[in-house]
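S.K.: what follows is a protein structure lacking sequence information:
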Ligand code: AMP
């Protein structure tokens, strides 16, 4: 089963994708993670996207479609598309890429969260530098012993673009460019929606109902 987790920054896509990877052996394809890796390792492409990402703008369709094309070419299935597609052009490209490798898109799960909750979540979030486990200062603080509950790592980081200015831009981009995908997938009969505001476990169960129902 190949699925898209759709939702604004801070909706919980990454957190839920990690759970699906752990519990169902699916493969997370996060274009945001791929771009951050390229940036951190200083590749040519990484240098091009660094400023764009820091501002909260979208990277070109060509770059992210290329990244997804490479991953799909490696084979496998059970993909969770996280943060991709973000534009109608990317959605069309994904349909074509899946078709070319004889695969289908089985569900699109929209995580619905109101804007105030997003700002609060994003400005409070950090991740383990070793395994990527996501923490939140309020709802899921870093354990008191300073060690990641998943891997024992002791380095935690906050994303450079998790600040208010960049977040405003990212939210605007979501509403302008990405939210039209809700109608696009609804028209294709693939759209489902869950309330992303609940506890992590509640959201997990709601997603499971959509995937297994
Ligand atoms: P994310 O980790 O999904 O929040 O993505 C972080 C940043 O990477 C975004 O604000 C964009 O600058 C860039 N990015 C990630 N995925 C895409 C995409 N599918 N299309 C365009 N830009 C993207």
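M.R.: Alright, I've got the coordinates. Owing to the predicted nature of the structure, the values given are computational and were not obtained by experimental measurement.
S.K.: look up how far residue 65 lies from the residue located most distally from the centre of the chain.
M.R.: Distance to the chain centre peaks in the chain at residue 145, reaching 28.6 Å (criterion: Cα atoms, centre = their mean). Remark: distance between residue 145 and residue 65 (Cβ to Cβ, to the nearest Å) = 43 Å. C-beta coordinates here come from the backbone N, C-alpha and C atoms, glycine included.
S.K.: ok, the closest residue to the ligand within the chain - contacts?
M.R.: Sorted by distance to the ligand under Cβ to the nearest ligand atom, the residues of the chain start with residue 32, at 2.0 Å. Taking Cβ atoms under 8 Å, 6 or more residues apart in numbering as the criterion, residue 32 is in contact with 14, 82-83.
S.K.: swap in residue 27?
M.R.: With Cβ under 8 Å, 6+ apart, residue 27 has these contacts: 21, 76, 78-80.
S.K.: hmm, try it at 10 Å
M.R.: Neighbouring residues of residue 27 by Cβ atoms under 10 Å, 6 or more residues apart in numbering: 2, 17, 20-21, 71, 74, 76-80.
S.K.: just the buried ones from those residues?
M.R.: Applying 16 or more other Cβ atoms under 10 Å to the contacts of residue 27, the neighbour count classes 2, 17, 20, 71, 78-80 as buried.
S.K.: what does the protein put close to the ligand?
M.R.: By Cβ under 6 Å from any ligand atom, the residues of the chain that approach the ligand are 9, 31-32, 35, 52-53, 56-59, 64, 83-84, 86, 90, 161, 170.
S.K.: one more time with 8 Å
M.R.: 9, 13-14, 30-33, 35-36, 49, 52-53, 55-61, 63-64, 82-87, 90, 159, 161, 166, 170, 173 (Cβ under 8 Å from any ligand atom).
S.K.: which SSE is residue 72 in?
M.R.: Using DSSP states H and E, residue 72 maps to helix 61-73.
S.K.: er, residue 183 I mean
M.R.: Secondary structure assignment for residue 183, by DSSP H and E: helix 180-187.
S.K.: re the thing from before, got the angle for the strand or helix carrying the residue of the chain closest to the ligand vs helix 61-73?
M.R.: Using DSSP H and E, residue 32 falls within helix 31-40. Angle of helix 31-40 versus helix 61-73, following axes from the mean of the first three to the mean of the last three Cα atoms, to 10 degrees, is 100 degrees.
S.K.: what's whichever helix or strand comes after helix 31-40 packed up against?
M.R.: Using DSSP H and E, the next helix or strand after helix 31-40 towards the C-terminus is helix 44-55. Packing partners of helix 44-55 (3 or more Cβ pairs under 10 Å, 6 or more residues apart in numbering; DSSP states H and E): helix 31-40, helix 61-73, helix 164-173.
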